[in-house]
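[1] Mind looking at a prediction? Sequence and model below.
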Amino acid sequence: DGTRLWNPAEPGYGVKVGSDFGEESFFKAVPTTDGGAIVLWEDRPTSGQDTVIYGQRVDANGNTLWSADGTMMSEYSPTSYSTDAEIVADGADGAYMSWITSNTDNGQDYLIVTHRLSDGTIDPAWNGGALIEIATFFTSSNVQKLMSADANNLILTYNEPGFTGSFLKALKLQKSDGTL
C-alpha cells in the first residue's frame, strides 16, 4: 500500500546509510534474505578528494549493520579513485562487488572484484581475504558489468581499451573463491 516502513517520523524519511559529509552518488542496492538490503555507492568524503566505493547493510527494520557512515569497499589512496561499482546479492546476506580503480600516478586502471560477507568483511576464501585484481588497463576503462550466471558462477563483462580500439571481454568466476 506504499506505507513507509523505515524511519517514517524522520524528515525526508528513510534511514541514513552513508555519511553526512561528502558527495554520495551512483547508488545501487540488492536485497538481503531478511527483507533488508546492501547499498553500494561512490563517495567523495572530503571536498577535492577522489571517489571511493562505500557499502552499507540495512536489516528489515531499517537498522544499519556495518559502520555508521558505511564501510569503505575500495582502497583509498591520494593518487587513485574508484568508480563504476556493480553489486550482485550472494543469497546469504552478503554480496559480490566490482569496480574500476584508476591510478593517477601511473595512468593505469584496475578492474577489481570482491565478495563481502554479511558482516561486511571480505570473504577469506577470496584471494586470502584481499581484493582481486582481474585486469589492468593502460588507457581509461570505465565500463563493466557483474551478474550472476548460476548458483556457482558470476559473469564479469568489461570493455578493454587498446591502442587500436576497444574489445568487449567476458570472464566467468567461481562464486566460492573468485577463481576464473
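    Received the coordinates, thanks.

[2] For stretch 159-175, give me every contacting residue.
    Stretch 159-175 has contacts (CB atoms under 8 Å, 6 or more residues apart in numbering) with 90, 96, 113, 115, 134-135, 137, 139-144, 149, 151-158, 179-180. All C-beta spots, glycine's among them, are computed from the backbone N, C-alpha and C.

[3] let's see 10 Å
    Here stretch 159-175 makes contact (CB atoms under 10 Å, 6 or more residues apart in numbering) with 88, 90-91, 96, 98, 100, 109, 111, 113, 115, 123, 125-126, 132, 134-146, 148-158, 179-180.

[4] buried sites along that stretch?
    159, 160, 161, 171, 173, 175 (16 or more other CB atoms under 10 Å).

[5] Report the two of those separated the most.
    Farthest-apart pair in the buried residues of stretch 159-175 is 161 and 175; separation 27.9 Å (CB to CB).

[6] Buried subset of the contacts of stretch 159-175 as a ChimeraX selection?
    Buried subset of these, written as a ChimeraX selection, criterion 16+ other CB under 10 Å:
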select :88,90,96,98,100,109,111,113,115,123,126,132,134,135,137,141,144,146,154,156,158
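
[7] Go through the contacts of stretch 159-175 and flag which are in strands.
    88, 96, 98, 100, 109, 111, 113, 115, 132, 134-137, 144-146, 148, 153-158 (DSSP state E).

[8] Tell me where the model's unsure across the protein.
    Applying pLDDT under 70 to the chain flags residues 8-12, 20-22, 45-49, 138-142, 163.
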